[in-house]
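Student: fold the following and give me the result.
(chains A and B)
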Amino acid sequence: DAKTTQPPSMDCAEGRAANLPCNHSTISGNEYVYWYRQIHSQGPQYIIHGLKNNETNEMASLIITEDRKSSTLILPHATLRDTAVYYCIVRVVNSGYALNFGKGTSLLVTP
Amino acid sequence: GAVVSQHPSWVICKSGTSVKIECRSLDFQATTMFWYRQFPKQSLMLMATSNEGSKATYEQGVEKDKFLINHASLTLSTLTVTSAHPEDSSFYICSASGWTGGNTDTQYFGPGTRLTVL
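Tutor: Residues are numbered from 1 along each chain as shown, chains lettered A, B, ... in the order given. Here you go, the predicted structure:
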């Protein structure tokens, strides 16, 4: 799977949008971008995934650049409960392969 | 989203004993289940991959005779830590992969099991 690069940490004020970037410049045509988050002492939570089109669900929006070399996860109105480590993972879909977790971005939402 | 449960959520045991952790997919059939462990301030590390009815595939450096994995059905996998020692103390997390709608498989994670070996 292609490697991803994320900033180690970010801050965001409560109620504001949190924009988490991810670089995946070596992504292949059959690899999807997945986002998960892990709140302290809990299992990772699936957020969203996409191939090349922008995606939105009840949790977040995923913006993928046209060349697919980078993406941004957007939490439109961050709350204190969004404080977590966010992982951007690139994976071949339907491959049966596991997710390889990097170090992620530690997002701190402040009052 | 799909729900994956783990039991127990935490366990404390004496050195030399064995501990079994269960992982269940509650509302979907998991074609594949994965076991991870996470040490403090570190990321998740894959231990093994298991498919229902097949032997698990272990990652390099993970002892298959120490970490026994059974995947007897499409909704249940178990991890048994045999002869546990203090260095096995960790946060063990399972995930289940399957089709829950749409045309792509997604991995859903259990809440994790905190193992402390005294």
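Student: going forward, measure contacts between C-alpha atoms and count neighbours the same way
Tutor: OK.
Student: which parts of chain B sit against chain A?
Tutor: With C-alpha under 8 Å from any C-alpha of the partner chain as the criterion, chain B meets chain A at residues B:32, B:34, B:42-46, B:49, B:93, B:97, B:104-105, B:107-112.
Student: list only buried entries from those residues.
Tutor: Applying 16 or more other C-alpha atoms under 10 Å in any protein chain shown to the residues of chain B next to chain A, the neighbour count classes B:32, B:34, B:43-46, B:49, B:93, B:97, B:105, B:107-112 as buried.
Student: from those residues, which two are the most distant?
Tutor: B:43 and B:105 (22.5 Å; C-alpha to C-alpha).
Student: which among the buried ones among the residues of chain B next to chain A gets closest to residue B:9?
Tutor: Minimum distance to residue B:9 across those is 6.3 Å, recorded for residue B:112 (C-alpha to C-alpha).
Student: pLDDT weak spots in the chain?
Tutor: Assuming you mean chain A. Residue ranges of chain A with pLDDT under 70: A:1-2.
Student: ah, no, chain B please
Tutor: B:1, B:100-104.
Student: what lies in contact with stretch A:11-20?
Tutor: A:72-80, A:105, A:107-111 (C-alpha atoms under 8 Å, 6 or more residues apart in numbering or on different chains).
Student: try 7 Å
Tutor: For stretch A:11-20, the surrounding residues in contact (C-alpha atoms under 7 Å, 6 or more residues apart in numbering or on different chains) are A:72-80, A:107-111.
Student: excluding chain neighbours, what is closest to the residue nearest the centre of chain A?
Tutor: Nearest to the mean C-alpha position of chain A, counting by C-alpha atoms, centre = their mean, stands residue A:35 at 3.4 Å. Spatial nearest neighbour of residue A:35, excluding adjacent residues (C-alpha to C-alpha, 6 or more residues apart in numbering or on different chains): residue A:88 at 4.7 Å.
Student: ok, now which ones touch the residue of chain B found nearest chain A?
Tutor: Ranked by C-alpha to the nearest C-alpha, the top residue of chain B for proximity to chain A is residue B:111, at 4.3 Å. Residues counted as contacts of residue B:111 (C-alpha under 7 Å, 6+ apart) are A:42-43, B:5-6, B:93.
Student: which residue ranges of chain A form strands?
Tutor: A:9-13, A:18-23, A:31-38, A:45-50, A:55-56, A:61-64, A:70-75, A:84-92, A:105-110 (DSSP state E).
Student: which of the ones you listed sits most buried?
Tutor: strand A:84-92 (a mean of 24; mean count of other C-alpha atoms under 10 Å in any protein chain shown).
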